[in-house]
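Novice: Here is my input, please return the structure:
(one chain, ligands or ions: 1)
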Amino acid sequence: MEAKLKQANISKEEALKLRENFKTNYLETWAKLAKENIFFKEEFTEILDDSSKPEYKWFLNGKTNISYNCLDIHLPDKAEKTALIFEDEAGNSEHISYKELHQRVIRFSAYLKDIGIKKGDRVCIYMSLCPESIIAMQACMRIGAIHSVVFAGFSAHALRDRINELEAKVLITQNGFTRKNKSIELFKAASEAILENDSVTNLLLFERMKNNNELNSRTEKLISELDIKVNLVEEEIRDNKYQDIEKLSSIEPEWLESNETSFILYTSGSTGKPKGIEHATAGYLLWTKLSSKWVFDLKDDDIYWCTADIGWITGHSYVTYGPLANGATQLIYEGAPNSPEPNRFWELIEKYKVSIFYTAPTAIRSFAQWGLEYIEKHDLSSLRLLGSVGEPIGSETWNWFYEHIGNSKCPIVDTWWQTETGGVMITSLPGAEAAKAGVAGPALPGISAEISPESLLYISKPWPSMLKGIYKNPERFHQAYWSKIEGSYLPGDLASQDEDGYISIGGRNDDVINISGHRMGTAEIETALAKSPLVSESAVVAIPHAIKGQGLVCFVILSENTSNDSEDKQKELSQKLSEHICYEIGAHARPEKIISCPALPKTRSGKVMRRLLQEIAQGKEPSGDISTLEEKSILKDLLKNI
Ligand code: PRX
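Specialist: Here you go, the predicted structure:
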């Protein structure tokens, strides 16, 4: 393990020193790191304003721009260096240098300005992981427009709700892309999402799938039917006006005050309504840059690959921003890991000599299930560091990853963090601290992670990349994160700590669940079910799933006039409700099972006893105390239906 990390960015001594500095001079250490790592157009005048907690403000009065720090600062030194290596599922590839990426970003940002987008406007991005989506995000950052990326797997309905709350001015999408050899028609969903919307003034369309006649004729038809102007981006920016790179380069980026909003990303909480997590500018940039450098040990000659989609926070912090801020070369891949064959990832690692590979436990469990034969035929010796994110990896999967992908030579960073934290909070530093299988690790230097007597993980000091709020909902921000442990941030995870200070994450302490690394709320699924006329009441629980980590089981009480007396009827109903959830949320929320039942087990005060449902969903006899259960006979009926 050591041989691959001889000159780690953070050595054991440096880690100790950093920890000591934070301990003795917390704020000054952050200030020093900010000055060393970020280009500020105007220096900040105060490190932290905590006068209106928990609305903390970092690096006050500093003026900076995230995109400038990701692109311009690398020119001219790294102008010719590859920033992005892109490959789509069909195997088409593109190498984009820092110079070219910069040009494409300034062109698109000039275009956005020309159509009237200005600082503070919300721009919704509904796209696949491809150069154009990264360019769109960077271009928004450049002009101070607030992007909100919606994962391309979300349905038109889910997209519409987000666009409406954001009062987005622009929706950027693409005609489609290919996944698992199927065309995913994003434009269709995008156009559906803005029916009856009056905030969106422009629908911007990238024609990513040029050679698909069928898709294109469907897209053309939709465009002709829409009563909103659809701008074909590639055509528009071919205009001469966007070819004068020198002139475009002279346009200043929008210099944002450190605490102005950089982006909003929706995530699930414990109510039926997703939260628009709002991030600031300088602190977010600082931590994504630093944590990429420290945790992934990013070096100039690395080929870094994070498999996360831009629709999630990992795709923001460790695809679009952190690696570029460090001037790294990274691979992005648009397709599925098993398309055309389950060896696709290994083929990509061999082809591009990937040295750092960051993925999710669900993917790793699938690789293990697909079999070693797909791995063994590839040379993975370029790998030097592995990473895991988004859900508990567990020691078995950790060991498999270590042995079969890392050839027992690569350290693994099991990174715990959240949409809200902006960047990694807990993991072992690869050149300084030995990893332990299935244990996330110590908190990173500068991060004050602690555990309450009730095993609740909490962060006792503000940190630069912390969320600045929940969009349009300050009460929820206070209540969800800051109300339980005085002065501390509560992420909602359970944890324990060993004698070396290493933290093990023990799952969630609320109704937030994690399916294939996708965060969801059971209440969100219940809200979706409530919209079906077939359902009068429902309770949704998560059960362990061998590949996805967790799977959904929905217990539904059908509305009076819905019959499901035969087995066929049951099946049909299940299918209908499953489709209904996909329609309301997206295919990633498809449940494992839908069980119709005459009643739900409730306490005398009317609270659904989820613990019992969880056991029943796994076919187990309910154990533990059932004395608070109002009607005991319900259990028998429920068990009969499993
Ligand atoms: O429960 C934790 C789990 O994922 C949640 C955050 O989800 P999200 O905001 O979508 O961000 C995912 C990518 C950072 C956390 O509250 N989680 C994340 N990383 C880990 C994890 N659980 C265990 N181990 C991890 N490494």
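
Novice: From Ala443, how far out is whatever residue of the stretch 151-300 of the chain ends up closest to the ligand?
Specialist: Using C-beta to the nearest ligand atom, the single residue of the stretch 151-300 of the chain nearest to the ligand is Thr267, 5.0 Å away. Heads up, the C-betas are built off the backbone N, CA and C, glycines and all. For Thr267, the distance to Ala443 equals 21 Å [C-beta to C-beta, to the nearest Å].

Novice: Neighbour count for these two, which is higher?
Specialist: More crowded of Thr267 and Ala443, by other C-beta atoms under 10 Å: Ala443, with 23 against 19.

Novice: Verify the contact between that one and Leu457 for me.
Specialist: No - between Ala443 and Leu457 there is no contact under C-beta atoms under 8 Å: 9.8 Å.

Novice: Common neighbours of those two, please.
Specialist: Common neighbours of Ala443 and Leu457, using C-beta atoms under 8 Å, 6 or more residues apart in numbering, are Ala449, Ile503.

Novice: tell me which element Thr362 is part of?
Specialist: Assigning secondary structure by DSSP states H and E places Thr362 in helix 361-370.

Novice: helices and strands around that helix, which ones?
Specialist: Contact here means 3 or more C-beta pairs under 8 Å, 6 or more residues apart in numbering; DSSP states H and E; on that basis helix 361-370 packs against helix 394-400, strand 549-558.

Novice: and the longest one, how far out from the chain's middle?
Specialist: If I follow you right, that is strand 549-558. Distance, stretch centre to chain centre, for strand 549-558: 24 Å (C-alpha atoms, centre = their mean, to the nearest Å).

Novice: ok, that strand: who's next to it in the sheet?
Specialist: Note on strand 549-558: by DSSP bridges, its sheet partners are strand 535-545 (antiparallel), strand 593-596 (parallel).

Novice: by how many degrees do the helix or strand just after it and strand 535-545 diverge?
Specialist: The element immediately downstream of strand 549-558 (helix or strand, assigned by DSSP H and E) is helix 567-584. Compare the direction of helix 567-584 with that of strand 535-545 by axes from the mean of the first three to the mean of the last three C-alpha atoms, to 10 degrees and you get 80 degrees.

Novice: For helix 567-584, which outside residues touch it?
Specialist: Residues contacting helix 567-584 (C-beta under 8 Å, 6+ apart): 155, 157-158, 525, 528-529, 531-532, 534-535, 554, 556, 558, 562-564, 589-591, 593-594, 596.

Novice: Can you say which of these are buried?
Specialist: Neighbour-count burial (16 or more other C-beta atoms under 10 Å) is assigned, among the contacts of helix 567-584, to 155, 157-158, 525, 528-529, 532, 534-535, 554, 556, 558, 562, 564, 589, 591, 594, 596.

Novice: Low-confidence ranges, the stretch 1-150 of the chain, go.
Specialist: Within the stretch 1-150 of the chain, the stretches with pLDDT under 70 are 1-6.

Novice: ok, for the residue of it found nearest the ligand, nearest residue in space, not its chain neighbours?
Specialist: Residue nearest to the ligand within the stretch 1-150 of the chain: Val149 (12.9 Å; C-beta to the nearest ligand atom). Excluding the flanking residues, the one nearest Val149 by C-beta to C-beta, 6 or more residues apart in numbering is Ile125, at 4.5 Å.

Novice: Let me see the ranges of the helices in the stretch 351-500 of the chain.
Specialist: Taking DSSP state H, counting those that start in this stretch as the test, the helices found in the stretch 351-500 of the chain are 361-370, 373-376, 394-400, 474-477.

Novice: any chance of the ones you listed in JSON lines, with mean pLDDT and distance to the ligand too?
Specialist: Shown next, in JSON lines, are the helices of the stretch 351-500 of the chain (pLDDT from 0 to 100; distance: least, C-beta to the nearest ligand atom, whole Å):
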{"stretch": "helix 361-370", "mean pLDDT": "97", "distance to the ligand": "8"}
{"stretch": "helix 373-376", "mean pLDDT": "97", "distance to the ligand": "23"}
{"stretch": "helix 394-400", "mean pLDDT": "97", "distance to the ligand": "9"}
{"stretch": "helix 474-477", "mean pLDDT": "97", "distance to the ligand": "15"}
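
Novice: tell me which element Arg611 is part of?
Specialist: helix 610-617.

Novice: what does the stretch 201-350 of the chain have sitting close to the ligand?
Specialist: Thr267, Trp312, Ile313, Thr314 (C-beta under 6 Å from any ligand atom).

Novice: Against the ligand, how distant is the residue nearest to Ser532 when sequence neighbours are not counted?
Specialist: With sequence-adjacent residues excluded and distances taken as C-beta to C-beta, 6+ apart, Ser532 is closest to His580, at 4.9 Å. From His580 across to the ligand, the span is 24 Å (C-beta to the nearest ligand atom, to the nearest Å).

Novice: Could I get the pLDDT score of His580?
Specialist: Per-residue confidence for His580 comes out at a pLDDT of 97.

Novice: gap between it and Lys188?
Specialist: As judged by C-beta to C-beta, His580 and Lys188 stand 19 Å apart.

Novice: Gly492 now?
Specialist: Look at Gly492 and Lys188: by C-beta to C-beta, they are 35 Å apart.

Novice: got it, and Glu475?
Specialist: Separation of Glu475 from Lys188 (C-beta to C-beta): 37 Å.

Novice: And the strands paired with strand 549-558: which comes nearest Asp302?
Specialist: Evaluated over these, closeness to Asp302 peaks at strand 535-545, with 33.5 Å, by C-beta to C-beta.

Novice: how about the closest one: buried residues?
Specialist: In strand 535-545, counting by 16+ other C-beta under 10 Å, buried: Val535, Glu537, Ser538, Ala539, Val540, Val541, Ala542, Ile543.

Novice: who touches the most centrally placed residue in the chain in this structure?
Specialist: For the chain, the residue sitting closest to the mean C-alpha position, by C-alpha atoms, centre = their mean, is Trp312 at 1.9 Å. Residues near Trp312 by C-beta under 8 Å, 6+ apart: Phe151, Leu265, Gly390, Thr419, Gly517, His518.

Novice: does the last one have beta-bridge partners, and which?
Specialist: Read that as His518. In this entry, His518 is beta-bridged to Ile515, by DSSP bridges.

Novice: what number of residues lie near it?
Specialist: In terms of burial, His518 registers 23 neighbours under the definition other C-beta under 10 Å.

Novice: The ligand contacts on the chain?
Specialist: Counting by C-beta under 6 Å from any ligand atom, the residues of the chain close to the ligand are 267, 312-314, 389-392, 414-419, 440, 491-493, 505, 508, 514, 519.

Novice: From the residues you listed, which land in strands?
Specialist: Applying DSSP state E to the residues of the chain next to the ligand, the entries found in strands are Thr267, Val389, Asp414, Thr415, Asp493, Ile505, Arg508, Asn514, Arg519.

Novice: Report whether the expected contact of the fifth one with Asp510 is present.
Specialist: No - under the criterion of C-beta under 8 Å, Asp493 lies out of contact with Asp510, with a separation of 9.1 Å.

Novice: out of these two, which sits in the more crowded spot?
Specialist: Taking neighbours as other C-beta under 10 Å, Asp493 and Asp510 compare with Asp493 leading, 23 against 15.

Novice: Now do the contacts for the more buried one.
Specialist: Trp416, Leu456, Leu457, Ile505, Gly506, Gly507, Arg508, Asn509.

Novice: those strands in the stretch 51-200 of the chain, which residues are they?
Specialist: Secondary structure of the stretch 51-200 of the chain (DSSP state E, counting those that start in this stretch): strands at 57-60, 63-64, 82-87, 93-97, 122-126, 146-149, 170-174, 177-179, 182-184.

Novice: will you turn the ones you listed into JSON lines that also has mean neighbour count?
Specialist: Putting these into JSON lines (neighbours: other C-beta atoms under 10 Å) gives the following:
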{"stretch": "strand 57-60", "mean neighbour count": "24"}
{"stretch": "strand 63-64", "mean neighbour count": "22"}
{"stretch": "strand 82-87", "mean neighbour count": "21"}
{"stretch": "strand 93-97", "mean neighbour count": "15"}
{"stretch": "strand 122-126", "mean neighbour count": "25"}
{"stretch": "strand 146-149", "mean neighbour count": "25"}
{"stretch": "strand 170-174", "mean neighbour count": "28"}
{"stretch": "strand 177-179", "mean neighbour count": "20"}
{"stretch": "strand 182-184", "mean neighbour count": "15"}
